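In: what would the 3D arrangement of this be:
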Amino acid sequence: MARYIGPKSRIARKFGEPVYGPDKYLDRKNFPPGQHGINKKRKKTSEYGVQLREKQKVKYTYGILERQFRNTFEKASASKGVTGEELLKLLESRLDNVVYRFGIALTRASARQLVSHRHITVNGNVVNIPSYQLSPGDIVGVREKSKSLERITESLATRKYSRLPWLEWDDAQMAGKFMTVPERSDIPEDIKEQLIVELYSK
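Out: You can find the predicted model right below:
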């Protein structure tokens, strides 16, 4: 499965946001990367550039590449709702994202690896497809043999699990319920999804 494996702090500095999660380098150097860094005078970004930047930010945030992102956008376009909001709902309903939201993994990249390595179950069955779309009522849990895995126990012990209205976690079972597809107002990411819609509409 293709994925971005380049320097993550450089990408975070490019956008000025911790797209991959907490980043000590971004905290220390909150300016664009490169030889001239903060002193470089940059030209005003065009409308297209602003839209492209927003799309790239979302792709890096959720850890997916262009083809898969485009397919997700087309699926959102075909739905009855507002395209931009439907896009974010589809991204939030991915299995790897929900594993991350529950705090089973500290990053989406780590969550994707846990899913791929068969440590995660959906309704009691092992699912190893990170892009698997969850439905309301699905139970996402840690496989019985994996509950003692150090990276999972440490993540759950140190996680900053913010209770989101569409998720319900049970510490005793090491499992959580995907209650419903989230509304746009409940998704905490700072994303201007309308810019992405405008970009693909050109």
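
In: mean pLDDT per helix and strand in the chain: which one sits at the bottom?
Out: One helix or strand of the chain scores below all others by mean pLDDT, DSSP states H and E: helix 24-28, with a mean of 50.

In: packing partners for whatever helix or strand comes next after it?
Out: Next helix or strand after helix 24-28 toward the C-terminus (DSSP states H and E): helix 47-62. If you count contacts as 3 or more Cβ pairs under 8 Å, 6 or more residues apart in numbering; DSSP states H and E, helix 47-62 packs onto helix 8-15, helix 66-78, helix 193-200. Placement of C-beta: from N, CA and C, glycine included.

In: least reliable of those going by mean pLDDT?
Out: By mean pLDDT, the lowest-scoring of these turns out to be helix 8-15, with a mean of 57.

In: can you pull the contacts of Ile152?
Out: Residues in contact with Ile152 (Cβ atoms under 8 Å, 6 or more residues apart in numbering) are 104-105, 114, 119, 142, 146, 174.

In: ok, so of those, who is nearest Tyr200?
Out: Distance to Tyr200, by Cβ to Cβ, is smallest for Ala105 among these, at 29.8 Å.

In: which pLDDT value goes with the residue nearest the centre of the chain?
Out: In the chain, the centroid-proximal residue (Cα atoms, centre = their mean) is Tyr62; its distance is 3.0 Å. pLDDT for Tyr62: 92.
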